[in-house]
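*Asks:* Give me a 3D structure for the following:
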Amino acid sequence: MLIQPHPELRLQVWRIGAEGAPLLVVDQLVADPDRLVRKAARSQFAPQGAMFPGIRVRAPLSYEAFLERLIRPLMAEVFGLPQQARLSFPMCHYSLVTQPPQQLAFLQRIPHIDSATGRGLATVHYLFRQGWGGTAFYRHRSTGYEYVDEARELPYFTRLQEESGGADAPGPGYIGEDTPLFERVDKVDGVYNRMLVYRRNSLHSATIDNANVPPPDPITGRLSINTFIDVLA
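*Replies:* Model prediction:
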């Protein structure tokens with residue numbers, strides 16, 4: 001499956017919150033996004049991993065090659081990473097958020113990081129036209145952290161453990177705007193054929209309407225392609 005960039009592809013570089021972590025916003029990413037949706041509709045989705053609140057299936061291998069061609073020339077300028085480093089793709093999946101809000105565990109009700117390393121990137125490519133929300137980024141109020149690297153990992157999760165049993169712990173549901181524990185510092189809407197690229201240690205969450213959880217259908221649900229990229233030596 002050959003994947004080509006859209007002829008009107010547009011790039012924007014944002015800086016998230018007070019700490020200024022980089023965020024790459026790419027509109028009109030691929031030339032034929034409908035083809036990716038049709039591919040997903042023919043695939044067999046299933047639960048994968050304990051933390052993702054939905055179902056997933058492997059995306060085409062050619063999608064990884066397409067991402068590498070797109071991102072490699074931008075790695076140094078946008079993310080401060082060595083442009084010639086070897087890239088690895090530990091995850092590249094179609095994803096559908098489907099879990100009812102009342103079934104979410106504590107860590108699914110707050111923003112998360114995908115990894116503490118500063119050499120890891122994540123992408124989310126929105127492939128839905130319905131208003132299923134986008135992605136938001138957060139600051140942890142009691143520590144002030146907007147990202148959690150190796151040096152911050154122990155104090156952050158220690159404090160989070162304390163807060164999980166406190167009066168400000170979130171009730172059932174996906175996080176939306178500000179909460180007693182987290183302040184939302186930025187948000188990007190989910191637009192068809194838009195992709196975000198950000199460091200995996202940025203605190204983030206999908207924006208999901210608790211009163212209108214998407215269906216488990218690639219055509220009508222909250223379809224995206226989610227990728228993790230490791231930037232190796």
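
*Asks:* Could you pull out the helices in the protein for me?
*Replies:* 33-41, 61-71, 75-79, 150-164 (DSSP state H).

*Asks:* what's the closest of those helices to Asn193?
*Replies:* helix 33-41 (4.4 Å; C-beta to C-beta). No exception for glycine: its C-beta is placed from N, CA and C like everyone else's.

*Asks:* angle of the closest one against helix 61-71?
*Replies:* With axes from the mean of the first three to the mean of the last three C-alpha atoms, to 10 degrees defining the directions, helix 33-41 sits at 140 degrees from helix 61-71.

*Asks:* can I get the helices of the chain in a markdown table with mean pLDDT and distance to Tyr198?
*Replies:* As requested, the helices of the chain are exported to a markdown table (pLDDT from 0 to 100; distance: least, C-beta to C-beta, whole Å):
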| stretch | mean pLDDT | distance to Tyr198 |
| --- | --- | --- |
| helix 33-41 | 98 | 20 |
| helix 61-71 | 97 | 12 |
| helix 75-79 | 96 | 9 |
| helix 150-164 | 97 | 17 |
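
*Asks:* Of those, give the one that comes closest to Met91.
*Replies:* Of all the helices of the chain, it is helix 61-71 that lies closest to Met91, at 10.1 Å by C-beta to C-beta.

*Asks:* Same list, the helices of the chain, but as JSON lines with distance to Tyr126 and mean neighbour count please.
*Replies:* Listed next are the helices of the chain as JSON lines, based on distance: least, C-beta to C-beta, whole Å; neighbours: other C-beta atoms under 10 Å:
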{"stretch": "helix 33-41", "distance to Tyr126": "9", "mean neighbour count": "17"}
{"stretch": "helix 61-71", "distance to Tyr126": "14", "mean neighbour count": "17"}
{"stretch": "helix 75-79", "distance to Tyr126": "20", "mean neighbour count": "17"}
{"stretch": "helix 150-164", "distance to Tyr126": "28", "mean neighbour count": "14"}
